[in-house]
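Novice: A predicted structure for the sequence below; I have some questions about it.
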Amino acid sequence: MKRKTLSLFARECVSQLEKEGRYSTAHLYRNSLRSYTEYLGGGEVLFSDVNRENIHSYFRHLLSSGKRPNTVSIYLRMLRSLYNQGADLGLAPHVYRLFHDVYTGIDTRHKKALGRDELFRLLYKDPGTETLRRTQQTARLLYQLCGMPFVDLSHLRSSDISEGVLEYRRIKTGSKISVKILPSAVETICALETFGRENAGPWERTPYLLAILSGKNSRGSRAEYVEYGSALRRFNSHLRALAVKVDLKGNVSSYTLRHSWATAAKRTGASIEKISESLGHRSIRTTQIYLAGFEASELAEVNRKACLYAVKRERKESVTSQVTERDP
């Protein structure tokens, strides 16, 4: 058996992942190793330190310290991945069901889809400040583009749009996505572009459709990863402030919009084959495979209904003159 600590092996894995531009995975490995190292009292972690007794004790420690189930799962899955990779290389023995009876699943219970009235308030009620209006427009566009992930929105280019259709590749999976842009989404894009031109500053030469990223960092570089991380944290912070301003309770993030769109599409009659609830999938790739089998016109109708869902109020209430039932 070769002699190498788990800590050293993990650092080598992180370094290799960063060379490959897989900064998110490297970040998860680094944080998981840090957490387990702190639990064990610091120093180098040996492969022998990953045993059933320590794992179960660590699992209980994470839960008692208030960590959410998904955070606990991520730490344990990353630790399991590192150990298994090391075992495959002969750095540690293979132990049957070493991580059995600790939680390594995905908990969807705390992922909240907004209801119709909540969506209307978040996406259309005037928040009163320009900063929050821009945040609201960005959130509205994420929803109008089939619950698009924020990372994909931040990397969109004008050239991705042709004849009313947006075509791009997912940053996370590389899957090709085609979205027919609704008139309401065109209005939102124009509003965001106008804001970007009027407040250009350092973003004046950004190659992207919206002024979310500067474009000065090469695609896939660590600098771009850091810049995007800052942009996402800033957007989610402003989104939480927007939620408070329009009297929404609970945590709201960019993911909430994605979940809400999927749920709204299902509630408006879309079949599970056309748009499955994201919360039930382990990977977004599964959802995209289901969607890929349908014509663009069918998916456009699903998107139109989902966007209409966010705008329509109770029948006794009137919709604002700016948003019609025919064009959400």
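Specialist: Arrived safely, thanks for sending.
Novice: going forward, measure contacts and count neighbours with C-alpha atoms only.
Specialist: OK.
Novice: please, where are all the helices along this structure?
Specialist: Using DSSP state H, the helices of the chain run over 6-19, 23-39, 52-64, 69-88, 116-124, 130-144, 150-154, 183-198, 222-245, 254-267, 284-291, 296-311.
Novice: how about JSON lines for these, with mean neighbour count, mean pLDDT and distance to Y103 added?
Specialist: Formatted as JSON lines, the helices of the chain follow (neighbours: other Cα atoms under 10 Å; pLDDT from 0 to 100; distance: least, Cα to Cα, whole Å):
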{"stretch": "helix 6-19", "mean neighbour count": "17", "mean pLDDT": "96", "distance to Y103": "21"}
{"stretch": "helix 23-39", "mean neighbour count": "18", "mean pLDDT": "96", "distance to Y103": "15"}
{"stretch": "helix 52-64", "mean neighbour count": "15", "mean pLDDT": "95", "distance to Y103": "8"}
{"stretch": "helix 69-88", "mean neighbour count": "19", "mean pLDDT": "94", "distance to Y103": "6"}
{"stretch": "helix 116-124", "mean neighbour count": "21", "mean pLDDT": "95", "distance to Y103": "32"}
{"stretch": "helix 130-144", "mean neighbour count": "21", "mean pLDDT": "95", "distance to Y103": "32"}
{"stretch": "helix 150-154", "mean neighbour count": "18", "mean pLDDT": "94", "distance to Y103": "28"}
{"stretch": "helix 183-198", "mean neighbour count": "16", "mean pLDDT": "80", "distance to Y103": "41"}
{"stretch": "helix 222-245", "mean neighbour count": "17", "mean pLDDT": "96", "distance to Y103": "27"}
{"stretch": "helix 254-267", "mean neighbour count": "23", "mean pLDDT": "84", "distance to Y103": "22"}
{"stretch": "helix 284-291", "mean neighbour count": "15", "mean pLDDT": "48", "distance to Y103": "21"}
{"stretch": "helix 296-311", "mean neighbour count": "21", "mean pLDDT": "83", "distance to Y103": "34"}
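Novice: would you turn the ones you listed into TSV with distance to I161?
Specialist: Output for these, formatted as TSV (distance: least, Cα to Cα, whole Å):
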stretch	distance to I161
helix 6-19	31
helix 23-39	28
helix 52-64	46
helix 69-88	36
helix 116-124	23
helix 130-144	14
helix 150-154	12
helix 183-198	11
helix 222-245	22
helix 254-267	21
helix 284-291	20
helix 296-311	15
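Novice: to T206, which of the ones you listed lies closest?
Specialist: Of all those, it is helix 183-198 that lies closest to T206, at 10.0 Å by Cα to Cα.
Novice: now the closest one, how far from the centre of its chain.
Specialist: In terms of Cα atoms, centre = their mean, to the nearest Å, the centre of helix 183-198 is found 23 Å from the chain centre.
Novice: just want the angle from that helix to helix 296-311.
Specialist: For helix 183-198 against helix 296-311, the angle by axes from the mean of the first three to the mean of the last three Cα atoms, to 10 degrees is 70 degrees.
Novice: let's see helix 183-198 as CSV, backbone CA atoms only.
Specialist: These are the backbone C-alpha positions of helix 183-198, laid out as CSV (Å, rounded to 0.1, in the frame of the first residue of the first chain):
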residue,chain,number,x,y,z
PRO,A,183,-42.6,39.3,-26.5
SER,A,184,-42.6,40.0,-22.7
ALA,A,185,-39.0,38.6,-22.5
VAL,A,186,-38.0,40.8,-25.4
GLU,A,187,-39.2,43.8,-23.4
THR,A,188,-37.3,42.8,-20.4
ILE,A,189,-34.1,42.3,-22.4
CYS,A,190,-34.5,45.7,-23.9
ALA,A,191,-35.0,47.3,-20.5
LEU,A,192,-31.9,45.6,-19.1
GLU,A,193,-29.8,46.5,-22.2
THR,A,194,-30.9,50.1,-21.9
PHE,A,195,-29.9,50.2,-18.2
GLY,A,196,-26.6,48.7,-19.1
ARG,A,197,-25.9,51.3,-21.8
GLU,A,198,-26.9,54.2,-19.5
